[in-house]
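Engineer: Sharing a model that was predicted from the sequence below.
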Amino acid sequence: MSTLIENTEKFVLNLFKEELPNTFVYHNFSHTHRVFKSTKEIIENSEINVKDAEVLMLAALLHDTGYTKRREGHEEESVKIATAYLKSQNVDKDTIDAVNQCIMATKFKDSPKTKLGEIIRDADSSHFGKDYFNEASEFLRKELELQSVKKYSPNEWLEENIEVLSKRHRYYSDYAIKQWEPIKSQNLIKLLKTKKKKKKKANKEKLKAKYKAQYKNESPERGIQTFYRVALRNHIKLSDIADTKANILLSVNAIIISVVLANLISKLDTNPYLTTPTVIFTLFSVVSMILSIIATRPNVTSGEFTKEDVENQDVNLTFFGNFHKMELKEFEWAISELLKDKNYVYTSLTKDLYFLGKVLDRKYRLLRITYTVFMIGIIISLISFGIAVYNNPGKSLQDVLEPENNSTSILSKEITESNYYWS
């Protein structure tokens, strides 16, 4: 290797190191060195004189230096850099012109017009016929993305590579046609196989999605399951609400009765006119409590079934009250029989839904009666206390209940607490 070639290689290395942006992950010194190596490979296996060999190696080293200035039209910038550098090395004009002509031959869109141009073009695209084609191709895709030239998806880049290798690229030199064209064809075959696999996979996924959507639309199973799930959940939620309302009434009336027992009854011997209102007040509270208890009191069923009941589908195995006294093995057998018949499953769920509705109907009817009794009791009790106090003007209810130390009475405190619980 001549001194000029060695100095040029060092010049290009330092130029890329100092001025080439790091977004050039493909068009960097590695690519330049690869082209330089491929150029030497063609020269060594072709009949080329020393002068032309030097021109080709110089062009291989300098052909991408223009990327340090701009991407579009980098060939022209490379010619300017090469001219200035070679002049500084006292290279004759004919050699400089020949090097520049080879640099311009690397334009992919134009066909090379000279033998040297064909060689440098083949060397510049030698990676198409090399085993590292996929690696180099991915670096180029990443470079285009980093520099915001164009962002290719994997499928788009696959199509682009197939297009280039099959239609837009060709080798010109005899050596490249003999040595690199077969490997290029193998790389193209690999790309086509990859495309076929992806297309097959995409079609399979598309068909799978189509049948899945069709199954969802045509099969009522999903809708039926959703219906039972939502209906049963709503029934259970309504049952919880009913129990909560009953517990509220139970707590409020318990507080009211405790107030009556602690304060009013002890005063009845000295204030007999309060007896009737107190009895009415207590009576309605007790009735409200009893109705609340009845509304929340669970019904206990037999908890047993026979094999005939299961075989005739007369037992609802979704409700614990129908099997809680059975042995585990008998219950497991019954469940296995249930699961064998889809209609039996739906029948059991329907029965469960129906009887939950019946329970809710009973609870809410009792709750409505309870709230009505409680409301009427409050109204009648207040009227009774008002009439009693009115007919006995010498004493008021406050006088009767107020302790001698004039502190807040227990009745006021309890009534306040009852209002808190009621709210």
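Structural biologist: Ah, there it is.

Engineer: Count residues in the vicinity of the nearest residue to Phe331 once chain neighbours are set aside, would you?
Structural biologist: Distances taken as Cβ to Cβ, 6 or more residues apart in numbering put Phe323 closest to Phe331, at 5.4 Å, once the chain neighbours are dropped. Any C-beta I mention is one placed from the backbone N, CA and C, and that applies to glycine too. Number of residues near Phe323 (other Cβ atoms under 10 Å) recorded here: 21.

Engineer: Next up, the contacts around Phe323.
Structural biologist: Residues in contact with Phe323 (Cβ atoms under 8 Å, 6 or more residues apart in numbering) are 303-305, 315, 317, 331, 334.

Engineer: what about it, distance to Phe385?
Structural biologist: From Phe323 across to Phe385, the span is 53 Å (Cβ to Cβ, to the nearest Å).

Engineer: chain center to the helix ranked longest in the chain: distance?
Structural biologist: If you go by DSSP state H, the chain has its longest helix at helix 342-391. Distance of helix 342-391 from its chain centroid, counting by Cα atoms, centre = their mean, to the nearest Å, is 45 Å.

Engineer: what do you get for stretch 255-275?
Structural biologist: For stretch 255-275, the distance to the chain centre is 65 Å (Cα atoms, centre = their mean).

Engineer: From start to finish, how long is it in a straight line?
Structural biologist: 19 Å (Cα to Cα, to the nearest Å).

Engineer: quick check: mean pLDDT across stretch 191-199?
Structural biologist: Averaging pLDDT along stretch 191-199 yields 91.

Engineer: same deal with stretch 32-46?
Structural biologist: The model assigns stretch 32-46 a mean pLDDT of 94.

Engineer: Quick check: buried residues in that stretch?
Structural biologist: By neighbour count with 16 or more other Cβ atoms under 10 Å, stretch 32-46 contains the buried residues 32, 34-36, 38-43, 46.

Engineer: With secondary structure and distance to Asn203 added, can I get the residues you listed in JSON lines?
Structural biologist: Listed next are the buried residues of stretch 32-46 as JSON lines, based on DSSP: H, G, I helix; E, B strand; the rest coil; distance: Cβ to Cβ, whole Å:
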{"residue": "Thr32", "secondary structure": "helix", "distance to Asn203": "43"}
{"residue": "Arg34", "secondary structure": "helix", "distance to Asn203": "38"}
{"residue": "Val35", "secondary structure": "helix", "distance to Asn203": "40"}
{"residue": "Phe36", "secondary structure": "helix", "distance to Asn203": "45"}
{"residue": "Ser38", "secondary structure": "helix", "distance to Asn203": "40"}
{"residue": "Thr39", "secondary structure": "helix", "distance to Asn203": "44"}
{"residue": "Lys40", "secondary structure": "helix", "distance to Asn203": "47"}
{"residue": "Glu41", "secondary structure": "helix", "distance to Asn203": "43"}
{"residue": "Ile42", "secondary structure": "helix", "distance to Asn203": "43"}
{"residue": "Ile43", "secondary structure": "helix", "distance to Asn203": "48"}
{"residue": "Ser46", "secondary structure": "coil", "distance to Asn203": "47"}
